[in-house]
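Student: coordinates only, no sequence provided:
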C-alpha cells in the first residue's frame, strides 16, 4: 500500500516562502509521476504542479508559475514544492499525489492520480 506524507506547511506572511515535502512509502516511487494539488475552503481541489518520473517534465498552474518549483529526489522517494512570493490566495491545504501506472504523466487532473496524502495546511497572512 502506497502512503504519502506531506510536511512543511505553516503560517507565513505575504511575500514569504515555504518548502513542502512529500515522502512516499510502500513502493519505490521513482517510476511514477507525482503532483501537488491544493484546496481552499468551499472550493474544489485544484492542480498546482506536476513532475514526471524522471523529472524531465514539469507542469504548473498559471497561478503559481514563476513562483513555485516542483522537484523530486528519487533516492529519498520524496517530492518537494518550493513556494516563493506567497500570496494570501495561496492559502489552502496542499496535497501530494502519485499515479498507479508507471512511466506516464505528469497529469493536471485529480482523476489521474490514485494515491493521496493527508494534506498540509499553508496559511499566508497579509
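Tutor: Sure, I can see it. Fair warning: this is a prediction, and the values are worked out from it, not measured in the lab. Numbering: from 1, shown residues only.
Student: leaving out sequence neighbours, find the closest residue to the most centrally placed residue in the chain.
Tutor: Centroid-nearest residue in the chain, with CA atoms, centre = their mean: residue 36, separated by 2.2 Å. Distances taken as CB to CB, 6 or more residues apart in numbering put residue 48 closest to residue 36, at 4.3 Å, once the chain neighbours are dropped. Quick note: C-beta positions are derived from backbone N, CA and C, even for glycine.
Student: pLDDT value on residue 28, please?
Tutor: pLDDT recorded at residue 28 is 89.
Student: distance of it from residue 83?
Tutor: For residue 28, the distance to residue 83 equals 27 Å [CB to CB, to the nearest Å].
Student: beta partners of the residue nearest to the centre of the chain?
Tutor: In this entry, residue 36 is beta-bridged to residue 49, residue 96, by DSSP bridges.
Student: these two touch, right, it and residue 81?
Tutor: Yes: using CB atoms under 8 Å, residue 36 is in contact with residue 81, at 4.9 Å.
Student: how deep is the nearest residue to residue 31 once chain neighbours are set aside tucked in, by neighbour count?
Tutor: In this structure, residue 31 finds its nearest non-sequential neighbour in residue 102, 3.8 Å apart by CB to CB, 6+ apart. Using other CB atoms under 10 Å, residue 102 has 13 neighbouring residues.
Student: what sits against residue 102?
Tutor: Residues counted as contacts of residue 102 (CB atoms under 8 Å, 6 or more residues apart in numbering) are 31-32, 53.
Student: hmm, 10 Å instead?
Tutor: Contact analysis of residue 102 by CB atoms under 10 Å, 6 or more residues apart in numbering lists 27, 29-33, 53.
Student: state the helix or strand in which the closest residue to residue 57 other than its chain neighbours lies.
Tutor: Using CB to CB, 6+ apart and skipping the chain neighbours, the partner closest in space to residue 57 is residue 106 (6.4 Å). Using DSSP states H and E, residue 106 is not contained in any helix or strand.
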